[in-house]
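**Student:** structure here, sequence nowhere to be found:
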């Protein structure tokens with residue numbers, strides 16, 4: 001049974017909460033790079049698990065190759081355009097302010113897209129949406145930690161840092177509202193196109209964002225295993241849920 005708009009919005013509050021918690025942690029105790037790398041590996045594993053176990057089978061079942069090609073191509077194009085845009089503005093933004101504006105803008109766009117992808121997940125089904133909520137909650141938790149670590153390194157005031165973290169969480173919720181609104185009552189063809197868009201965007205998120213950031217820390221078997229633990233955890237959860 002499809003969830004109502006208000007129910008989807010309630011699920012969107014969980015990632016909002018986790019990014020706020022992640023944003024508080026570095027101001028209580030600065031986490032080490034190993035902790036952040038483990039969290040990023042685990043988050044990558046759970047997002048990839050949701051894609052492989054829940055989202056991809058739904059796309060294959062509908063068997064609409066034209067919509068898949070269009071949606072997947074658009075997803076790749078949008079994510080590459082976002083990456084190009086953020087890379088271009090980061091040097092100029094950094095030169096004008098003590099704030100890491102390039103990082104903040106890029107992360108903000110990423111979080112906004114994540115919220116929209118949550119709406120796409122619920123378009124695939126309630127189970128897919130719930131699992132994706134948990135996966136994205138872990139991802140934005142690590143992003144909240146990363147943003148606060150950067151702000152604390154720049155000696156940015158604590159209160160203003162928390163306001164920025166709250167704004168990032170609001171972006172996720174706005175993306176969820178946008179996705180839930182746009183995806184209500186659409187045709188099967190459009191649903192397949194949007195799911196394919198989400199598939200490409202989530203694959204990009206895992207390979208070009210989460211894992212690339214995770215690999216900034218020197219690898220160890222423990223750190224690497226976090227990816228597979230995350231994948232297995234959500235694989236089993238998807239089987240028993």
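**Tutor:** Done, it's in. On a predicted model such as this, the values are computed, not experimentally measured, just so you know. Numbering: from 1, shown residues only.
**Student:** pull the longest helix from this structure.
**Tutor:** When the chain is parsed with DSSP state H, its longest helix is helix 65-96.
**Student:** in stretch 196-212, what counts as buried?
**Tutor:** Residues of stretch 196-212 classed as buried by neighbour count (16 or more other Cβ atoms under 10 Å): 196-206, 209-211. C-betas here are computed from N, CA, C, even on glycine.
**Student:** out of the residues you listed, flag the one nearest to residue 112.
**Tutor:** The nearest member of these to residue 112, counting by Cβ to Cβ, is residue 201 at 11.6 Å.
**Student:** need the nearest residue in space to the closest one, chain neighbours excluded.
**Tutor:** residue 75 (4.6 Å; Cβ to Cβ, 6 or more residues apart in numbering).
**Student:** give me the local confidence score for that neighbour.
**Tutor:** pLDDT, residue 75: 89.
**Student:** what about it, how many residues nearby?
**Tutor:** 25 (other Cβ atoms under 10 Å).
**Student:** try residue 68
**Tutor:** 20.
**Student:** contacts only, for it.
**Tutor:** Residue 68 sits next to 59, 192, 193, 196 when contact means Cβ atoms under 8 Å, 6 or more residues apart in numbering.
**Student:** widest-spaced pair of those?
**Tutor:** 59 and 193 (10.2 Å).
**Student:** pull the helix or strand with minimum mean pLDDT from this structure.
**Tutor:** Here the helix or strand of the chain ranked lowest by mean pLDDT, DSSP states H and E is helix 101-124, holding a mean of 74.
**Student:** and the helix or strand just after that helix, what's its mean pLDDT?
**Tutor:** Sequence order places helix 126-153 as the next helix or strand after helix 101-124, per DSSP states H and E. Per-residue pLDDT over helix 126-153 has a mean of 80.
**Student:** show me what whichever helix or strand comes after helix 126-153 is packed up against.
**Tutor:** Past helix 126-153, further along toward the C-terminus, the next helix or strand under DSSP H and E is helix 158-182. The contact analysis (3 or more Cβ pairs under 8 Å, 6 or more residues apart in numbering; DSSP states H and E) places helix 158-182 against helix 5-28, helix 101-124, helix 126-153.
**Student:** I'd say residue 40 and residue 212 touch.
**Tutor:** No. Checked against Cβ atoms under 8 Å, the pair residue 40 and residue 212 is beyond contact range at 9.2 Å.
**Student:** if we can go back for a sec, which of the helices and strands packed on helix 158-182 sits closest to residue 173?
**Tutor:** That would be helix 5-28 among the helices and strands packed on helix 158-182, by Cβ to Cβ, at 5.2 Å.
**Student:** after that closest one comes which helix or strand?
**Tutor:** Where DSSP H and E defines the elements, the next helix or strand beyond helix 5-28 is helix 33-50.
**Student:** got the buried residues for the longest helix of the chain?
**Tutor:** Neighbour-count burial for helix 65-96 [16+ other Cβ under 10 Å]: 67-68, 70-72, 74-76, 79, 82-83, 86, 90, 93.
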